[in-house]
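K.L.:
coordinates only, no sequence provided:
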């Protein structure tokens, strides 16, 4: 496994991390604690040391699984979680991004993760009015000073949110998470140049384009109701699948699609880590293999 510096945090993160939205049950599978244990412990065997989760992945369900799996191993992992994008607690999105509510979410995340501190605490897909709030970042800075959070981050809703990326330094943000893959490359024009200027650590999410870069799907595929992909309009989904299949024509014949898709993202030197979600050990192995590959030309 290769490791990269996560921007100004100076943390050394595995180039392949563990994405964990699937643990909350939104991707067509309900997980058990032993299954999560196997994936996380298996990831450690491959050299993975970075894990990304969120409060809304099953309303702390994903975090709870992780907290149990990491008992006695907390110091070996860099944990990133998020706040604000919570649709489980009956509050509006505007309410969920308010400082007092964010502090409650932080305490719930700490309990679920069974930890005294979170390495990277990220605003989760906030709108401009949620983000551009001095009071929020002042409150969060106090949590950094108190030792409950090591570094602040922003998981932007899409790579076009350039205002939020540019304001990172003003709000003490050290890490940016963005969509980036061989289908959706906009971050190259928006996020990466600013991250270079401000030395922001970049986490690339959805490296497999929601699984479409695995090559397993054809246009017209119908996803079950318990799979979040079923909520997308069929036309847009089919277009993205077709684009993914076209992108896979670049893949070396002797390389698995998932491995190539993750390694493709890591061609960008500004990307510190990618966070594919794995449903089983076979998928984990294919994803982790990309951490040993360098596609960058000499």
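P.N.:
Yep, that arrived. All values reported here derive from a predicted model rather than from experimental measurement.

K.L.:
drop to CA atoms for contacts and neighbour counts, all remaining ones
P.N.:
OK.

K.L.:
residue ranges with poor pLDDT in this structure?
P.N.:
Scanning the chain for pLDDT under 70 picks out 295-298.

K.L.:
quick one, strands of it?
P.N.:
Under the criterion DSSP state E, strands of the chain are mapped to 3-5, 12-14, 18-19, 50-52, 78-83, 118-124, 149-155, 173-179, 201-205, 271-274.

K.L.:
what's the distance between the closest residue to residue 218 other than its chain neighbours and residue 51?
P.N.:
With sequence-adjacent residues excluded and distances taken as C-alpha to C-alpha, 6 or more residues apart in numbering, residue 218 is closest to residue 241, at 6.4 Å. Going from residue 241 to residue 51 by C-alpha to C-alpha, to the nearest Å gives 27 Å.

K.L.:
which residue ranges of the stretch 151-298 of the chain form helices?
P.N.:
162-166, 191-198, 234-247, 257-265, 281-289 (DSSP state H, counting those that start in this stretch).

K.L.:
circling back to that earlier point, what about residue 241 and residue 51, which has more around it?
P.N.:
Just comparing residue 241 and residue 51: by other C-alpha atoms under 10 Å the higher neighbour count belongs to residue 241, 26 against 21.

K.L.:
hang on, that one packs against residue 214?
P.N.:
No: taking contacts as C-alpha atoms under 8 Å, residue 241 lies outside contact range of residue 214: 10.0 Å.

K.L.:
ramachandran angles for residue 85?
P.N.:
Per-residue torsions, residue 85: phi -90, psi 60 (degrees, to the nearest 10).

K.L.:
residues touching it, list them.
P.N.:
Neighbour list for residue 85: 55, 56, 93, 96, 97, 124, 125, 126 [criterion: C-alpha atoms under 8 Å, 6 or more residues apart in numbering].

K.L.:
again, only using 10 Å
P.N.:
Residues near residue 85 by C-alpha atoms under 10 Å, 6 or more residues apart in numbering: 54-57, 92-94, 96-97, 123-126.

K.L.:
of all those, which comes closest to residue 30?
P.N.:
The closest of those to residue 30 turns out to be residue 57 (C-alpha to C-alpha; 12.1 Å).

K.L.:
that'll do, ta.
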